[in-house]
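**Student:** build the 3D model from these lines:
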Amino acid sequence: MGVSGRLLRYASARPRSLLVAVPHGTRARLLAEAELARRGWRPAGTPASADLLVVCGSPEKSLARAVETIWADTPCPRARVELRDDLRPEQVADALDGAVSRLADGPAQRRDAAERVRHQARRDRGGVHGHGPEHGRQEHEDRHAVDGHGDGNGHGHGAGDGNGDRDGNGHGHGAGDGNGHKNGNGHGNGDRDGNGHGNGDRDGMGGPGGLRMAGRGADRDGLTLDRLHVPLGPVLPDWPAGLVVETVLQGDVIQRARVRISGGSGVARFWDAPWLAALAGRHVTRGAAARRRAASHLDSLGRLLAVSGWDSSATRARRLRDRLLWERPDDGLARDFARFARRVRRSRPLRWMLRGLGTVDASHGPAVRVRGDVVARMERWLAGTEAALGELDDRSRLADDEGPRGPVGERPSESLLAVLPTLLAGAELAAARLIVASLDPDLDQVPSAYEVLHA
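**Tutor:** Numbers count the residues shown, from 1 in each chain. Below is the predicted model:
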């Protein structure tokens, strides 16, 4: 074995993994996150920094295309793992072990790299850019709605800590895990708002050099600023599976937002499973439902804390979640959660960051049950987890349908998505990630054709 082979084997032992969450693949995602944490493998924030792509569930249509775009953008050496939602924990571990072996296989990686070069050459000869509106539009959307990288020529919305770090040579806006706006080349896709954002307008006249140009609009302070279309999702770290929020930005402020779903195949609803089983007449104990409720709240807390930039507490929340779901016994669990909750509640910087964001009141309708701002929703998860941990030993029969997000028969996540465009309008890009994380809609409850436009 040469030096390159030894280096490849050494590097493949602890790959950086990019996890793609798919609707109806929640169980696979949770198993994958638990196994990756057990191995100490670091997450990758972008395809460019990933060695391993882990797809949790079975993506369909636009989400499958986004996955292929991510895979094409992942540099060699690379490996890909696809996890079905019915896998056992040991099968997830075996799949990741197989990925490590493939990463360390030098000849296979060289063949993969050569095939990528040939594939790119075929795409270049085929003229993907600028050959018809539909083909160009799909390529543009797939490259857009993945995980956000500024292309150096346009406007990058930076992955970072919300402090406005710049990506590329365009305008940087810190937004947790940012979303870049890739400029295409003459895709012939006119904007549905009529603002001239198409990559080649409907009159057949493209922008300078065939590049897409931003429109102009009046800002809230009276200035005239570029109006940019920037989609968030469907694949972002700590982002609801399959969610796409298509935003219209002026500066770093969202003017309009449209919500749609990139779906996955299947009907599984992991978080609602105990209540759905009880409604179907099966015997489910209140303790089993309380365990699932507490784990769901901890999963949501982990996402919110990670987007807030508090990685250590996000890791603690997820470790508590994994103990509830996959490990027994529960000795010390309530004590460890109390210590975690006390630390979160006492964090003044966290409350200062979240206070006043995404406030939901009576004007948003009775269907949205959680009133208040992001802090109020975080406190509800903490209190709900604490109450659920006190019911783990309850062996009485479950007799209600009140799941982690509300009555499971009413699909409460649809109500959360319905108010999301209104909450995002006027919010800064960095705050938008926090608002979405604080609502944390369960896309397993929502039809894949769901779409909401805020005018």
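**Student:** Glu33 belongs to a helix?
**Tutor:** Yes. Counting by DSSP: H, G, I helix; E, B strand; the rest coil, Glu33 falls inside a helix.
**Student:** give me the number of residues near it?
**Tutor:** Residue crowding around Glu33 was assessed by other C-beta atoms under 10 Å; the count is 21. (C-beta placed from N, C-alpha, C; glycine too.)
**Student:** all helices of this structure, in order?
**Tutor:** With DSSP state H as the definition, the chain shows helices at residue ranges 3-12, 26-39, 61-73, 89-103, 106-126, 133-144, 273-279, 286-307, 311-326, 333-345, 348-354, 374-389, 412-424, 429-439.
**Student:** could you identify which of those has the lowest mean pLDDT?
**Tutor:** The minimum mean pLDDT among the helices of the chain belongs to helix 133-144 (a mean of 43).
**Student:** OK, contacts around Arg343?
**Tutor:** Under the criterion of C-beta atoms under 8 Å, 6 or more residues apart in numbering, the neighbours of Arg343 are Ser313.
**Student:** quick one, what contacts the closest residue to Arg345 other than its chain neighbours?
**Tutor:** Counting by C-beta to C-beta, 6 or more residues apart in numbering, the nearest residue to Arg345 once its immediate chain neighbours are dropped is Leu382, at 6.9 Å. Applying C-beta under 8 Å, 6+ apart to Leu382 gives the contacts His297, Leu301, Ala341, Val344, Arg345.
**Student:** of those residues, buried ones?
**Tutor:** Neighbour-count burial (16 or more other C-beta atoms under 10 Å) applied to the contacts of Leu382 gives His297, Leu301, Ala341, Val344.
**Student:** TSV for the residues you listed, including distance to Ala48?
**Tutor:** Formatted as TSV, the entries for the buried ones among the contacts of Leu382 read as follows, by distance: C-beta to C-beta, whole Å:
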residue	distance to Ala48
His297	33
Leu301	29
Ala341	37
Val344	32
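**Student:** list just the nearest of these to Arg102.
**Tutor:** Leu301 (34.6 Å; C-beta to C-beta).
**Student:** how close does that closest one get to Met378?
**Tutor:** Leu301 sits 7 Å away from Met378 when distances are taken as C-beta to C-beta, to the nearest Å.
**Student:** before we move on, what about Val54?
**Tutor:** As for Val54, its distance to Met378 is 28 Å (criterion: C-beta to C-beta).
**Student:** neighbour count winner among the two?
**Tutor:** Relative neighbour count places Val54 above the other of Val54 and Met378, with 28 against 24, counting by other C-beta under 10 Å.
**Student:** right, and that one touches Pro15 too?
**Tutor:** No. Because the distance of 10.0 Å does not satisfy C-beta atoms under 8 Å, Val54 is recorded as not touching Pro15.
**Student:** which residue is the nearest non-sequential neighbour of the spatially most central residue of the chain?
**Tutor:** Per C-alpha atoms, centre = their mean, the C-alpha nearest to the average position across the chain is that of Trp239, at 2.2 Å. Of all residues beyond its chain neighbours, the one nearest Trp239 is Gly233 (5.6 Å), with distances taken as C-beta to C-beta, 6+ apart.
**Student:** repeat that for Val267.
**Tutor:** Distances taken as C-beta to C-beta, 6+ apart place His24 nearest to Val267, at 6.6 Å, with adjacent residues excluded.
**Student:** just give me the neighbour total for the one you found.
**Tutor:** 25.
**Student:** ok, it to Leu103 distance?
**Tutor:** Summarising the geometry, the distance separating His24 from Leu103, computed by C-beta to C-beta, is 28 Å.
**Student:** what do you get for Pro47?
**Tutor:** Distance from Pro47 to Leu103, counting by C-beta to C-beta: 15 Å.
**Student:** check Ala425 too.
**Tutor:** In terms of C-beta to C-beta, Ala425 sits 44 Å off from Leu103.
**Student:** looking at these two, which one has more neighbours?
**Tutor:** Taking neighbours as other C-beta under 10 Å, Ala425 and Leu103 compare with Leu103 leading, 22 against 17.
**Student:** so what's the more buried one up against?
**Tutor:** Contact criterion C-beta under 8 Å, 6+ apart gives Leu8, Ala11, Ser12, Pro15, Asp51, Leu52, Pro77, Arg78, Ala79, Gln109 as the residues in contact with Leu103.
**Student:** quick check on those: which are buried?
**Tutor:** Restricting these to buried positions leaves Leu8, Ser12, Pro15, Asp51, Leu52, Pro77, Arg78, Ala79, Gln109, with burial counted as 16+ other C-beta under 10 Å.
**Student:** I'd say the fifth one and Pro15 touch.
**Tutor:** Yes. Under the criterion of C-beta under 8 Å, Leu52 makes contact with Pro15 at 4.4 Å.
**Student:** shared neighbours, the two?
**Tutor:** Counting by C-beta under 8 Å, 6+ apart, the contacts common to Leu52 and Pro15 are Trp41, Ala79, Ala99, Leu103.
**Student:** quick check, pLDDT for the first one.
**Tutor:** Here, the pLDDT recorded for Trp41 equals 93.
**Student:** what about it, how many residues close to it?
**Tutor:** The number of residues packed around Trp41, counting by other C-beta under 10 Å, is 19.
**Student:** which residue, neighbours along the chain excluded, lies closest to Ala34?
**Tutor:** Using C-beta to C-beta, 6+ apart and skipping the chain neighbours, the partner closest in space to Ala34 is Asp322 (4.4 Å).
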